[in-house]
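Predicted model follows, preceded by the sequence.
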Amino acid sequence: MTQGFLVTNRSVRWFLFTLALFTAVIAFGSEASGTGIFSTSLVKTLGKTLCLCLIAVAMDVVWGYCGILSLGHFAFFGIGGYAIGMWLMYGRTEGIVMTSLANQTIPPTPQEVSDAIGGQIFGVVGSSEFPLIWSFAHSLPLQLLMVVLVPGLLALVFGWLAFRSRVTGVYLSILTQAMTLALSLYLFQNDSGLRGNNGLSGLQNIPGFEQTSQATISLVFFLASAAALALGYVLFAWVVAGKMGSVIMGIRDNEARVRFLGYRVEGYKLFVFTLTAIVSGIAGALYYPQAGIINPAEIAPIASIYLAVWVAIGGRGRLYGAVIGAALVSLLSSWFTGGGAPDVNLGLYRIQWTDWWLVLLGLSFVCVTLFFPKGIGGLFDYLVRKPS
Amino acid sequence: MTSLLEVSGVSKTFDGFRAINDLSIQISEPELRAIIGPNGAGKTTFMDIVTGKTRPDEGRVLWGEKNESLLGLSEAEIANRGIGRKFQKPTVFEDQTVRQNLAMALKNPRGPFAVLFHRKTPQGAQRIEEIAAEIGLTDQLTRTSGELSHGQKQWLEIGMLLAQDPRLLLVDEPAAGMTAEEREKTTDILRRAAQTRAVVVVEHDMEFVRRLDCKVTVLHEGHVLAEGPLDHVTSDPTVIDVYLGRSDA
Ligand SMILES: Nc1ncnc2c1ncn2[C@@H]1O[C@H](COP(=O)(O)OP(=O)(O)O)[C@@H](O)[C@H]1O
Ligand SMILES: [Mg+2]
């Protein structure tokens, strides 16, 4: 089925080809490969960008195809990050604690070890007890399961409540904003069990790979991110290509009509919402080890709004549009806000891009919405002749 | 003749306005029925109630051999019982092709996972061809339905109804905005559909109803004013009163 699908989908093949080429070039030029054309920090930035592209593709499916303007998908991204971050932090701290306890004459009891790890991790919030949610933090497989389960379950419960009551349009968007805001505020508290506003840090150090250089680790994560994007893209392209795509686009365009055809619209929305939430969680789990740190500010409501902006600029309702939008805007954003763009001196006033970038982004968003509703991806329509 | 749909004593008030007032209608299977009545008579609201879009304040809506109540079922559940509906304004999925529109309506399992793993079958493709031939859109199957003419969209929507293979078709003003020739074709499609199913057609146009050549129910202020053959109801003094008293009918 997937094979036939790939053969008939030219845009998917083009995307995979482009991504493979890009990945090969970066991998070849990375410090880990010995050429060192691209710095390790650039490889990390690009790897993170691939993760953002993946969540953008998910956003495009839920919004561009199914018409649900979720402004909360970064909450799932953040949860994925926290879930993997817990294992990373636990594992690394355990390593440090074991080394320091190793030269004691009496071997430490498991309780002493646990207390020492807890003290290291939760000292910043004045505690050394392990909260219940850290129960699985010692196990990579279990924590990987959490990456998928927690966002999936949250989306399932939230979506079930919202879609069953037929909350749609702007009300649903507000509800999703409230969800991500509530989660972020909760995590800001010191007793949330996830180190309050300190968040989880040192995530770039992988337990068991203490001797491996960051150059190698960054390349591995870059490749993993590229593979995840490729798989996610193919999965979603397959979902929206067939009859499922027909139905969810029908829901976007005329929900009532789809109901009268006998489809339970709630079930479809729930499916799309939950599937995209899970993929967002996976994207987050790949992103934060490359970022090195996660804190509650990452899932502030504005993050999910940016996500919608990327997809709108890139072009809704076409998956490659979401990728283009996310890559372009997030890279430009780090260039402008990171001081990469030279200030413009107007004599009377100096335009500092760190301040003015948001204005520029806002203006582009307005222009795209007004004049190019198909976004940047719409340009491809001119390149490709429609078979008629 | 047992009735397929039995609506009895149904009333519905919108903000103090009685749109449906003690309405009782029975439809058998097969049957072709026309419902006429001036604007605001409650024809569309009647369909809303049967299809689960609007919940009545009182009354019963019973379906099928087992006299199952339709009140309290969701729109999707009612549709899956075998009731298809065409809206007053043509509503097809304009971004999708004619074939995709028909494929979505085809009678197949409706759950998300069944749909996700759905594979096109030769039978399905053949059924789509048959329906396309029936509604005269064989040459348009690959076209985006937004590009169709108004009349073609109306037919496509009727085709989607047929694809659902329902026992009861509720068709709201199918001929609105059609040319005389298109209307004639529409009556033919509806009459053929009614040979094996129950078809309820709401229409303003008397010529159209005459050509349907079926039992007519006259609705007025949410209530049945008269019922019977067209000539019978049009000679009814109360019906004449209602129609002559209104210019929009
Ligand atoms: N959802 C609604 N809210 C308020 N009034 C409504 C609603 N639906 C229908 N009505 C009113 O009920 C009456 C019957 O409308 P309708 O069934 O559409 O008439 P018809 O289809 O016979 O022209 C109209 O006066 C209309 O304004
Ligand atoms: Mg009407």
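Arrived safely. Ligands and ions are numbered 1, 2, ... in the order given.

helices or strands up against the helix or strand bottoming out on mean pLDDT in chain B?
Least confident helix or strand, chain B: helix B:237-244 with a mean of 83, by mean pLDDT, DSSP states H and E. Applying 3 or more C-beta pairs under 8 Å, 6 or more residues apart in numbering or on different chains; DSSP states H and E, we find helix B:237-244 packed against strand B:215-220, strand B:223-229. To be clear about C-beta, it is placed using only N, CA and C from the backbone, and glycine gets the same treatment.

Got the phi and psi for the residue of chain B positioned farthest from its centre?
No residue in chain B sits farther from the centre than residue B:117, which is 30.8 Å out by C-alpha atoms, centre = their mean. Main-chain dihedrals, residue B:117, degrees, to the nearest 10: phi -100, psi 10.

measure it to ligand 1 for me?
Distance from residue B:117 to ligand 1, counting by C-beta to the nearest ligand atom, to the nearest Å: 38 Å.

what's the answer for residue A:207, then?
Residue A:207 sits 61 Å away from ligand 1, taking C-beta to the nearest ligand atom as the criterion.

Please name the nearest non-neighbouring residue to that residue.
Nearest residue to residue A:207, sequence neighbours excluded (C-beta to C-beta, 6 or more residues apart in numbering or on different chains): residue A:91, at 2.8 Å.

Can you classify that neighbour by secondary structure?
Three-state call for residue A:91 (DSSP: H, G, I helix; E, B strand; the rest coil): helix.

Kindly report the same for residue B:204.
Residue B:204 is classified as coil under three-state DSSP.

The closest residue to ligand 1 within the stretch 51-200 of chain A: what's its closest spatial neighbour, skipping adjacent residues?
As assessed by C-beta to the nearest ligand atom, ligand 1 sits closest to residue A:166 within the stretch 51-200 of chain A, at 15.2 Å. With C-beta to C-beta, 6+ apart as the criterion, residue A:166 has its nearest non-adjacent residue at 7.8 Å, and that residue is residue A:266.

Could you do residue B:210 as well?
Nearest non-adjacent residue to residue B:210, counting by C-beta to C-beta, 6+ apart: residue B:230, 5.8 Å away.

Run through the residues that contact the one you found.
B:34, B:206, B:209-210, B:213, B:216 (C-beta atoms under 8 Å, 6 or more residues apart in numbering or on different chains).

Buried ones among these?
Among the contacts of residue B:230, those classed as buried by 16 or more other C-beta atoms under 10 Å in any protein chain shown are B:34, B:209, B:216.

so which of those residues are also by ligand 1?
Near ligand 1, taking C-beta under 6 Å from any ligand atom as the test, no member of the buried ones among the contacts of residue B:230 is found.

Dump the residues you listed into a markdown table; add pLDDT and distance to chain A as well.
Output for the buried ones among the contacts of residue B:230, formatted as a markdown table (pLDDT from 0 to 100; distance: C-beta to the nearest C-beta, whole Å):
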| residue | pLDDT | distance to chain A |
| --- | --- | --- |
| B:34 | 96 | 21 |
| B:209 | 92 | 24 |
| B:216 | 95 | 25 |
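
from the residues you listed, which single one is nearest ligand 1?
Each of those was checked against ligand 1 using C-beta to the nearest ligand atom; the closest is residue B:34, at 13.1 Å.
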